[in-house]
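# sequence first, predicted coordinates after that:
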Amino acid sequence: MSTDFLTGLRAEARAHADLLRPGALDLDRDPGRARDPVLPWRRFAGLPAEYNPDPLRVRGRTAPLDTCVQQVVAFEELARADAAAALALPGPSMSGFVIGDLAGEAQRRRYWEVVGGEGAWTFFGMTEPSAGSGPAGMSTTLGPDGDGFRLTGTKRYIGNGARARIGVVFARRHAGPLGVVATLVDTARDGFTAVPLPTTGLRGLELSELRLAGVRLDAGDLLGRGRSATRQGMWAATRTFHRYRPVVAALALGVAQAGFDLVTGVRRNPGGPARAVLDDWRQRLLGTRALVLAAARTADHDPSDGTLASAAKLRATRLAEDVTTGAVRLLGPGANWEHPLLDKLVRDARGFEFMEGTGNIQRLTLAAGYLRGRLTDVRAA
Ligand SMILES: Cc1cc2nc3c(=O)[nH]c(=O)nc-3n(C[C@H](O)[C@H](O)[C@H](O)COP(=O)(O)OP(=O)(O)OC[C@H]3O[C@@H](n4cnc5c(N)ncnc54)[C@H](O)[C@@H]3O)c2cc1C
């Protein structure tokens, strides 16, 4: 993809981001406002062409946002206005990757007709209250029930869960790592309830708890049917993480950039130590942007390799925290009161640490990738 095209895409996304900025604090106060998106969301949802009558256009060409590279460029700009609003847009989000990897034709149609047709929110249900996002302790089960199944358990910290129409729930069918399967669940089914959780950062995303009280599923709801045991739930989940982590990194980068914009807007001619801090941030923003783009290129080329994705998420998350908390120090006592947007940025930046795996998990992935020699050719990525 040419640099020229990506520059045009960035400019388009920036123009759209201007629509999000004025409502950022209102959405933070009242996440319910996301139900009425101010953005033409189809342009940013990465919908398949046949379900998207209104794709983003860049210099006369369609930008379908169906690659990680296009997504990181566009979502950084949206996050520079409001990361929570970007995450709260209707669309496939993470569950779309699982559909792409595991769904049969009928399931694909069922999913995209809901998501593309009516404009629905979706969810990706992995994390659990007692087991976190690690599959080893997953306690949500998919048990047999006559000619079908029953889905039982609780998922927590699920983005857009309480407003979603359809989503993917990971559940255990057998013991062991290969016993986790992915299921396609309509939220209108009996036994499904979702409640929003009180949160501090990224409030517009409406993190939710999903309660699955024996939700009845049939064979048509099982994703990955007929595939080998090694190409089931955890395989698709891992590939999803590797492709979505660069996007999370881009969102964190957008928050860092927003913090930098805010400080430089208030302190136009900083001297001495403040200037040195801003110069350092400027360099780190540039370096992190290059790393996020390299990670996105790798994810598009080989979703089984998450090494750079982890590096990008680690670096961008740290930068977002450093810039937003550093901005409070630079602007002095009362900064959070004087600049409510800065207060929101500080809170939002913290959310990225936990989203898609903590820093320690990224370090482990990065170390494993390094030991396998996956970081030798980063410049070519
Ligand atoms: C904004 C946001 C959106 C989210 N959206 C979703 C979603 O849509 N769907 C979903 O399923 N989940 C979602 N989550 C949940 C998120 O993915 C998990 O909270 C995250 O992956 C952390 O996993 P965990 O809770 O299992 O924590 P753990 O992995 O248990 O970590 C707990 C602590 O232990 C440390 N730790 C864990 N393992 C190790 C190790 N091996 N070595 C060293 N330290 C370790 C961690 O660094 C951390 O400090 C979201 C979370 C947030 C904050």
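Nice, thanks for sending it over.

# ok, and what's touching stretch 243-250?
68, 71-73, 75-76, 79, 94, 97, 288, 291-292, 295-296, 299-300, 303, 306, 308-310, 312-313, 315-317, 352, 355-357, 362 (C-beta atoms under 8 Å, 6 or more residues apart in numbering). For every residue, glycine as well, the C-beta is placed using N, CA and C.

# kindly export it (C-alpha atoms) in CSV.
Extracted as CSV, the C-alpha positions of stretch 243-250 are listed here (Å, rounded to 0.1, in the frame of the first residue of the first chain):
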residue,chain,number,x,y,z
ARG,A,243,-4.3,-8.9,14.3
TYR,A,244,-6.1,-6.7,16.8
ARG,A,245,-3.1,-5.8,19.1
PRO,A,246,-1.7,-3.4,16.5
VAL,A,247,-5.1,-1.7,16.4
VAL,A,248,-5.1,-1.4,20.2
ALA,A,249,-1.6,0.0,20.0
ALA,A,250,-2.8,2.5,17.4
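
# buried stuff in it?
Neighbour-count burial for stretch 243-250 flags 243-250 (criterion: 16 or more other C-beta atoms under 10 Å).

# that one and the ligand in contact?
No. Stretch 243-250 stays clear of the ligand (C-beta under 6 Å from any ligand atom), getting no nearer than 8.7 Å.

# chain center to that stretch, what's the gap?
6 Å (C-alpha atoms, centre = their mean, to the nearest Å).

# try stretch 291-306
15 Å.

# contacts for it, please.
Defining contact as C-beta under 8 Å, 6+ apart, one finds that stretch 291-306 is touched by 67-69, 71-73, 76, 238-239, 241-243, 245-247, 249-250, 253, 307-309, 311-312, 315-316, 365, 369, 374, 378-379, 381.

# what does the protein put close to the ligand?
Near the ligand, when you scan the chain using C-beta under 6 Å from any ligand atom, you find 124-127, 132-134, 157-159, 202, 205, 207, 351, 354-358, 360-361, 364.

# can you show me the helices along this protein?
For the chain, applying DSSP state H gives helices covering 3-20, 24-29, 68-87, 95-102, 105-112, 233-266, 272-301, 307-331, 335-338, 340-354, 359-371.

# ok, back up a step: quick check, nearest of the buried residues of stretch 243-250 to Thr152?
For these, the residue nearest Thr152 by C-beta to C-beta is Tyr244; the value is 26.8 Å.

# gap between that closest one and Pro303?
10 Å (C-beta to C-beta, to the nearest Å).
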